[in-house]
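> the following block contains a protein sequence and its predicted model.
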Amino acid sequence: MIEIPVDLGPRSYPILVGTGALATVGAQLAKRGVGRRVVLVSDATIARLHGDPVHHSLTVAGFDVARVEVPEGEQAKCLDVAADLWNRLLDLGCDRTSTVVALGGGAVGDLAGFAAATYMRGMNFVQVPTTLLAQVDASIGGKTAIDHPQGKNLIGAFHQPRMVIVDPGTLATLPEREFRSGLAEVIKHGIVLDAGYFGDLEASVRPLLDRDPATLDRVVAGSCRLKARVVERDEREAELRWVLNYGHTIGHALEAATGFERWIHGEAVSLGIIAEARLAEYLHISRPSTTERQHRLLARQEAPGRARVLRPGPGDRFVPDRARRASRGRAASPRGARLGGAYRPRSRWVRSRFCLASRKSGLAPTAAWKWATASAALPVCTSARPKLF
Ligand SMILES: NC(=O)c1ccc[n+]([C@@H]2O[C@H](COP(=O)([O-])OP(=O)(O)OC[C@H]3O[C@@H](n4cnc5c(N)ncnc54)[C@H](O)[C@@H]3O)[C@@H](O)[C@H]2O)c1
Ligand SMILES: [Zn+2]
């Protein structure tokens, strides 16, 4: 098992990655000195596919385990479901020494984490992510949330898990489209944080798409490590964590403008990455060859039958155009990006204005766009390790 420490002082925790790791959840939790009561939260699909090994390992390790099922996907992230979970925790007599174990995708993790963050002002929480997106992204960093009618993830808290146990073996049952969508985040990590990792992805596309266990272990652990380093430096997303928004300004616009129906998250992010990479070219902070490398890799991971999404016609300009339309004309102009000094806004005030504007419009026009464009020119472009680390 690969152990990746996340160093956050008193809130430090390990990420444990390895095929077969599900069976070790109980033994690992027993090392953390938590109380006997464990509540295993998952949706019906995950419970059926992967619930038993986790339940068994917890029981063998001496925990009293109760299982709670929540609705699948985004439907779980609402106040009613959170309230049901709080009620169950109360009925089970949970206190702050008890542990919520979230077994599932990002939706289960966000909901269960939110309930754990708020129950008695915070109880123990463990992430056992089962989608690729959750393994390399959502489970790391302590962001928890439910949705509000006015927008996604608006109600939430930072609450770091006691540990994250990642079993890439669970990806064997993940639908192809979900798997490939998660790869967009993996590729994003390579683009903005580590040229060497990006090169490894380029060289491993085939075994990766075939979900070869050794390749998955290596790639997932690599991505977790990169995300962990960012979280360590910027726990509450004040600055650096924004680099992880690369592709998301336009990606979110596309998702919102199409009612979250046409593309799943990673597909929209793939489009966003290409559009933002193009924008970086227009701003002369990146080269066409940099965009091409990103484009080539993203196109290879596209789900069959959806391949045309990333195969635009001559000129390749339709992506930014479409994104601008999707954002109802509110997307940033290059001039807006220059406001921030091309690479970063000069003051906290400027940044906060842009944050506010982006929240109001449902987009992150200038600030995130600026980060996006700046990050597009990072390691892939220079083939050097970024300054970040
Ligand atoms: N907290 C964060 O930092 C963060 C970061 C990114 C995304 N998110 C959130 O994550 C959510 C999306 O997460 P997601 O992409 O993991 O999707 P998801 O949690 O909605 O799960 C998608 C579907 O896959 C199924 N599934 C999960 N694992 C499976 C497996 N191993 N085999 C078969 N089916 C499986 C689930 O039952 C569900 O139907 C969004 O709500 C998003 O806001 C949070
Ligand atoms: Zn994302």
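Happy to help now that I have it. Ligands and ions are numbered 1, 2, ... in the order given.
> P175 and P53, how far apart?
Using C-beta to C-beta, to the nearest Å, P175 is found at 21 Å from P53. All C-beta spots, glycine's among them, are computed from the backbone N, C-alpha and C.
> of these two, which one has the most company?
Just comparing P175 and P53: by other C-beta atoms under 10 Å the higher neighbour count belongs to P53, 19 against 11.
> indicate the residue of the stretch 151-300 of the chain located nearest to ligand 1.
T173 (3.6 Å; C-beta to the nearest ligand atom).
> can you get me a residue count around that residue?
Counted with other C-beta under 10 Å, T173 comes out at 13.
> which residues sit in contact with it?
Going by C-beta atoms under 8 Å, 6 or more residues apart in numbering, T173 touches 49-50.
> distance check, it against A61.
25 Å.
> V269 - that's part of a helix, no?
Yes: assessed by DSSP: H, G, I helix; E, B strand; the rest coil, V269 belongs to a helix.
> surely it is in contact with T249?
No: with contact taken as C-beta atoms under 8 Å, V269 and T249 are classed as non-touching, separated by 10.1 Å.
> which residues are in contact with both of those two?
If you check V269 and T249 against C-beta under 8 Å, 6+ apart, no residue is contacted by both.
> how is this protein divided into domains?
If you go by automatic domain parsing, the domain ranges for the chain are 2-173, 236-379.
> mean pLDDT for the ones you listed: which is lowest?
Taking the mean pLDDT of each of the domains of the chain, the lowest value is held by domain 236-379, a mean of 59.
> who in this structure is up against ligand 1?
43, 45-46, 49, 72-74, 77, 104-108, 110, 130-131, 133-134, 137-138, 141, 143, 152-153, 170, 173-174, 178, 265 (C-beta under 6 Å from any ligand atom).
> select only the buried ones of those residues in ChimeraX?
Burial among the residues of the chain next to ligand 1 is assessed by 16 or more other C-beta atoms under 10 Å; the matching ChimeraX selection reads:
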select :43,45,46,72,74,77,104,105,106,107,108,110,130,131,133,134,137,138,141,143,152,170,174,178,265
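> so of the residues of the chain next to ligand 1, which ones are in helices?
Under the assignment DSSP state H, the residues of the chain next to ligand 1 contribute 45-46, 106-108, 110, 133, 178, 265 to helices.
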